[in-house]
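Trainee: Need a 3D model of the following:
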Amino acid sequence: MLEPIDKIDEYGPSFIDAFEPTEKVTGDPEQYAKVEKAVHDLLDAFNVNWEDPNYTDTPKRVAKAYMEYWANGYAREAEDEVTVFPNSSGSEDLVMVKDMKFYSMCSHHLAPFTGYGAIAYMADENLLGLSKLGRILDIYARRFQLQERIGAQTADKIMQLLRPKGVMVVLYDVEHLCMSSRGVKLHEASTTTVATRGIFKEDAQLRAEVMSLINK
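Mentor: Sure, this is the predicted structure:
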């Protein structure tokens, strides 16, 4: 496994969160119990009838869903799930995977948002298994997130692990339920964000090529 490099993007600063991330998923019984109690208290605030069997196990089910699915990205690291291979052919061609469905939770409202991701990179000395691009995206999506942050973190991690000439992460056709399900009259709105690193940051023609491939 390659050692992470200090300077992820020689063409500009990488994404830096203004606040230190402290979230974690330990998977231990104590954390499960805390999440379960929090869900119970939320429902209790609405005065649900706990004798109704539809609610009896809801706190437990929701805790399991958060810990094992919706927020499990906090318990995962790309370095543990990704293998980097030497680029023995020396090819510097464009590599791209698109139409990768992702699911996430908005950190503003804890509402779901979902869409598609495309990741393109220009190889240098190393290559990555194609399915692992989606794996890295999923790790960052399965957290309490902002769409922009998912793309930036995914791009930075690929730059760190693979050391390509550049990477471009496009998240598109993304529906945010915090917009579409509330009364803000944006029911058909979808969002696109683009994160570029390395050669993609300065080469407009290369960016345009990736966008045209996504739209095909």
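
Trainee: Below-threshold pLDDT in the chain: ranges please.
Mentor: 1-14, 183-188 (pLDDT under 70).

Trainee: Which stretches in it count as helices?
Mentor: For the chain, helices defined by DSSP state H occupy the ranges 29-45, 53-56, 58-65, 78-81, 130-141, 147-162, 177-180, 199-202, 204-214.

Trainee: Redo those helices as CSV? Include distance to residue 124 and mean neighbour count.
Mentor: For the C-beta atoms, the positions are set from N, CA and C on the backbone; glycine is no exception. Listed next are these as CSV, based on distance: least, C-beta to C-beta, whole Å; neighbours: other C-beta atoms under 10 Å:
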stretch, distance to residue 124, mean neighbour count
helix 29-45, 40, 14
helix 53-56, 55, 10
helix 58-65, 40, 16
helix 78-81, 18, 14
helix 130-141, 16, 20
helix 147-162, 8, 23
helix 177-180, 39, 16
helix 199-202, 10, 19
helix 204-214, 15, 14
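
Trainee: Nearest to residue 110, out of these?
Mentor: Residue 110 lies closest, by C-beta to C-beta, to one member of the helices of the chain: helix 177-180, at 8.8 Å.

Trainee: can you tell me which residues contact the spatially most central residue of the chain?
Mentor: In the chain, the residue lying closest to the centroid (C-alpha atoms, centre = their mean) is residue 141, at 2.6 Å. For residue 141, the contact set (C-beta atoms under 8 Å, 6 or more residues apart in numbering) comprises 73, 102, 103, 104, 150.

Trainee: 6 Å instead, please
Mentor: Counting by C-beta atoms under 6 Å, 6 or more residues apart in numbering, residue 141 touches 102, 104, 150.

Trainee: my read: residue 113 touches residue 176, true?
Mentor: Yes: Residue 113 is in contact with residue 176 according to C-beta atoms under 6 Å; the separation is 4.2 Å.

Trainee: Look through this structure and tell me its longest strand.
Mentor: Longest strand in the chain by number of residues (criterion: DSSP state E): strand 94-106.

Trainee: Run the angle between it and helix 204-214 for me.
Mentor: 70 degrees (axes from the mean of the first three to the mean of the last three C-alpha atoms, to 10 degrees).

Trainee: Give me the buried positions along strand 94-106.
Mentor: 94, 95, 96, 97, 98, 100, 102, 104, 105, 106 (16 or more other C-beta atoms under 10 Å).

Trainee: Quick check, residue 199 in contact with residue 165.
Mentor: Yes: here residue 199 reaches residue 165: they are 4.8 Å apart, a contact under C-beta under 6 Å.

Trainee: Excluding sequence neighbours, find me the nearest residue to residue 110.
Mentor: Using C-beta to C-beta, 6 or more residues apart in numbering and skipping residues adjacent in sequence, the residue nearest residue 110 is residue 144, 7.0 Å away.

Trainee: in the sheet, who's paired with that neighbour?
Mentor: Judged by DSSP bridges, the bridge partners of residue 144 are residue 105.

Trainee: Give me the phi and psi angles of the residue lying farthest from the centre of the chain.
Mentor: For the chain, the largest distance from the centre (C-alpha atoms, centre = their mean) belongs to residue 51, which lies 38.3 Å off. Dihedral pair for residue 51: phi -80, psi -10, per degrees, to the nearest 10.

Trainee: and it, what does it touch?
Mentor: Counting by C-beta under 6 Å, 6+ apart, residue 51 has no contacts.
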